[in-house]
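[1] sequence first, predicted coordinates after that:
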Amino acid sequence: MANNGKKMIDIKDMHPMQINSLKQQLDNEIGLLESSIVDLNNAKNKFAVCTETCGNFDSIENGTSIMVPLTSSLYVPGKVVNNNAFLVDIGTGYFVEKDRKSTVDYFNRKVKFLNEQIEKFAKMLQEKLAIRQSIIEVFQQKAAMMQQQQLQQQQAQKA
C-alpha cells in the first residue's frame, strides 16, 4: 500500500493491454504538458514584448501619433498623451494605471513567474517521458515473451 491509501501495482505484473492503456494515458498527459508549456512560453513572450515596448516609450514624445492595438489584429490611430503612464490589464477586465518603471516591473514579475511555471512543467514532462519509456520497455519485453510462448506452443503441437 502506498502512503496515500492507493494500492501500488508492479507494471511487470500487468497484462500487455493494461500496459498499453497506461501508455496511452501517459501519452495524453505528455501532450497536455507539452501544450501547456507552449502556451506558457507564448504568454511569457507577450509579456517580454510588453516590457520592451514600455521601455521604448521613453523615446516617444508626448503628442506623437501612434497606432494603438485594441486586439492582436486591430489597431486604431491615437496620440501619446503621457509617455510615462500606462494602463495595465491585470486580468478579468481590470486595468490599473502605472508609471513606466512599475509597468516594466509588473511585466518582469510576470515573465519570472511564467519561467518558474515552465520549469515545473518541463520537470514533470521529463518525469512522464521517463515513465513512458519504462512502460514501453516492459511492454516490449512482455510482447516478446508472449510471442516466444506462442512459438513454443506451436512447436509442441507439431511434435
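    Yep, that arrived.
[2] let's test this: name the helix or strand in this protein with the lowest mean pLDDT.
    The helix or strand of the chain with the lowest confidence, counting by mean pLDDT, DSSP states H and E, is strand 65-69 at a mean of 89.
[3] in which helix or strand does the residue most central in space within the chain reside?
    Centroid check for the chain by Cα atoms, centre = their mean gives Ile37 as the closest residue, at 1.8 Å. Ile37 is part of helix 16-56 when elements are defined by DSSP states H and E.
[4] how far does that helix sit from the chain's center?
    Distance of helix 16-56 from the chain centroid (Cα atoms, centre = their mean, to the nearest Å) equals 2 Å.
[5] give the contact list for the residue nearest to the centre of the chain.
    Ile37 makes contact with 118, 121-122, 125, according to Cβ atoms under 8 Å, 6 or more residues apart in numbering. C-beta: built from backbone N, CA, C; applies to glycine.
[6] now do the buried residues in stretch 109-126.
    Using 16 or more other Cβ atoms under 10 Å as the test for burial, stretch 109-126 gives 110-111, 114, 118, 121, 125.
[7] ugh, wrong one, stretch 79-99
    Neighbour count says stretch 79-99 has 83, 86, 88, 98 buried, by 16+ other Cβ under 10 Å.
[8] residues in contact with it?
    Residues outside stretch 79-99 that contact it (Cβ under 8 Å, 6+ apart) are 54, 57-58, 60-66, 100, 103, 106.
[9] can you lay out those as JSON lines showing neighbour count?
    Formatted as JSON lines, the contacts of stretch 79-99 follow (neighbours: other Cβ atoms under 10 Å):
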{"residue": "Cys54", "neighbour count": "23"}
{"residue": "Phe57", "neighbour count": "18"}
{"residue": "Asp58", "neighbour count": "9"}
{"residue": "Ile60", "neighbour count": "11"}
{"residue": "Glu61", "neighbour count": "8"}
{"residue": "Asn62", "neighbour count": "10"}
{"residue": "Gly63", "neighbour count": "9"}
{"residue": "Thr64", "neighbour count": "12"}
{"residue": "Ser65", "neighbour count": "8"}
{"residue": "Ile66", "neighbour count": "13"}
{"residue": "Arg100", "neighbour count": "16"}
{"residue": "Thr103", "neighbour count": "23"}
{"residue": "Tyr106", "neighbour count": "19"}
